[in-house]
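Student: Predicted coordinates and the sequence they were generated for:
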Amino acid sequence: MSKILVTGATGPLGKAVVDELLKNTAAENIAVLARDPSKAVGLAEAGVTVLKGDYNDYNSLLAAFKGTDKLYFVSGNDVTGRIPQHENVVKAAIAAKVGHIFYSSFDRKTEDGSSAIAFVAEAHLRTEQLLKASGIAYTILKHSVYTDMLPMFLGGKVLETGIYLPAGKGKVAFATRQDMGIAGAKLMLESGHENKSYVLADDVSYSFDDIAAILSELSGKTITYTAASVAEYTAQLAATGVPEEYGHIFAAFGQAIDQGEFDAPDGTLAKILGRKPESLQTYMKRAFSH
């Protein structure tokens with residue numbers, strides 16, 4: 001069995017990948033990269049090799065990647081610092097002669113810089129270019145917006161205040177990190193995915209009016225959705241103490257949704273999973289019925 005290395009394994013996406021791998025291959029075939037190995041003690045106890053590494057430290061990546069056949073590369077969470085970090089990852093993978101990279105990118109319709117979310121797309125597009133030029137076999141996993149992001153978008157008091165976002169009538173083919181991670185692991189354990197790209201999304205798109213209706217049914221209350229302007233939305237976030245940087249990111253996602261950037265339902269995720277992805281309704285029931 002080939003050696004598989006998963007980055008970001010202490011986060012929700014990487015953890016989902018590793019958990020699925022452990023169900024289907026021996027722990028000795030799996031390694032994980034962690035900035036703080038103490039957070040991966042549970043994996044070490046399960047027999048997984050835990051390697052210390054940081055996207056900002058090229059030498060740590062080079063040492064960790066040696067002997068790796070397949071690398072699951074979770075995109076960095078530093079939105080403004082991703083490009084140099086990702087350049088380090090790809091450069092180290094080339095030097096370490098990694099056999100195949102699976103990269104967690106994101107699905108989009110626009111690549112010309114006109115999208116409200118262009119500042120997020122930039123690093124993903126650059127990384128995809130680097131992978132295609134690297135000479136290493138690659139599989140680009142184009143993730144839709146994570147269903148898990150909804151509690152953050154909706155806020156902790158959504159059942160009292162309703163939904164307030166600058167998302168217009170836009171729709172999103174939401175899917176969970178859990179299903180995305182399971183799909184990525186399944187692909188890694190197969191062959192035939194070299195130099196391909198896959199859209200990982202639900203096969204149904206939902207608007208925030210739809211989400212309000214789901215919440216209304218779950219809560220027994222009438223939950224409304226207000227399509228706010230960007231100015232109104234960012235002002236409200238600022239008034240509640242949300243840092244300006246985060247307010248900008250949340251607003252940009254809302255605008256991009258309004259632009260239809262993530263309205264791209266697709267059946268590939270279900271095909272890889274061998275089942276329907278977790279539905280939005282099921283996730284919402286789990287997240288908000290308490």
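Tutor: Cool, the structure landed.
Student: what's Leu5 in contact with, if anything?
Tutor: Ile30, Ala31, Val32, Leu33, Leu51, Ala64, Phe65, Thr68, Lys70, Leu71, Tyr72 (CB atoms under 8 Å, 6 or more residues apart in numbering). C-beta here means a position set from N, CA and C on the backbone, and glycine is covered the same way.
Student: What segments of the stretch 51-200 of the chain are helices?
Tutor: Assigned by DSSP state H, counting those that start in this stretch, the helices in the stretch 51-200 of the chain fall at 58-65, 82-95, 118-133, 150-154, 158-161, 177-188.
Student: As TSV, those with mean pLDDT, distance to Gln255 and mean neighbour count would be great.
Tutor: Shown next, in TSV, are the helices of the stretch 51-200 of the chain (pLDDT from 0 to 100; distance: least, CB to CB, whole Å; neighbours: other CB atoms under 10 Å):
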stretch	mean pLDDT	distance to Gln255	mean neighbour count
helix 58-65	98	34	19
helix 82-95	97	20	19
helix 118-133	95	11	18
helix 150-154	92	13	18
helix 158-161	92	20	15
helix 177-188	98	23	24
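Student: out of these, nearest to Thr234?
Tutor: Thr234 lies closest, by CB to CB, to one member of the helices of the stretch 51-200 of the chain: helix 150-154, at 13.8 Å.
Student: Return the list of helices and strands in contact with that closest one.
Tutor: Packing partners of helix 150-154 (3 or more CB pairs under 8 Å, 6 or more residues apart in numbering; DSSP states H and E): helix 244-258, helix 280-288.
Student: Return the set of buried residues in the longest one.
Tutor: For helix 244-258, burial by neighbour count (16 or more other CB atoms under 10 Å) applies to Gly247, Phe250, Ala251, Ala252, Phe253, Gly254, Gln255, Ala256, Ile257, Asp258.
Student: Need the contact partners of the helix or strand following that helix.
Tutor: The helix or strand immediately downstream of helix 244-258 is helix 268-273, counting by DSSP states H and E. Contact with helix 268-273 is made by 175, 179-180, 182-183, 186-187, 198-203, 276-277, as judged by CB under 8 Å, 6+ apart.
Student: let's see it at 6 Å
Tutor: Residues from elsewhere that reach helix 268-273, judged by CB atoms under 6 Å, 6 or more residues apart in numbering: Ala175, Ala183, Lys186, Tyr198, Val199, Leu200, Lys276, Pro277.
Student: Which residue comes closest to the second one once chain neighbours are left out?
Tutor: Translated: Ala183. Ile272 (4.4 Å; CB to CB, 6 or more residues apart in numbering).
Student: Relative to Thr226, how far out is Ala201?
Tutor: 26 Å (CB to CB, to the nearest Å).
Student: Between these two, tell me which one has more neighbours.
Tutor: The neighbour comparison of Ala201 against Thr226 (other CB atoms under 10 Å) goes to Ala201, with 28 against 14.
Student: gap between the more buried one and Lys39?
Tutor: Counting by CB to CB, the gap from Ala201 to Lys39 is 30 Å.
Student: Also Leu280?
Tutor: 30 Å.
Student: The two - which one has more neighbours?
Tutor: Using other CB under 10 Å as the criterion, Leu280 and Lys39 rank with Leu280 on top: 22 against 13.
Student: wait, doesn't the more buried one sit right on Phe208?
Tutor: No - if you go by CB atoms under 6 Å, Leu280 and Phe208 don't touch, sitting 11.3 Å apart.
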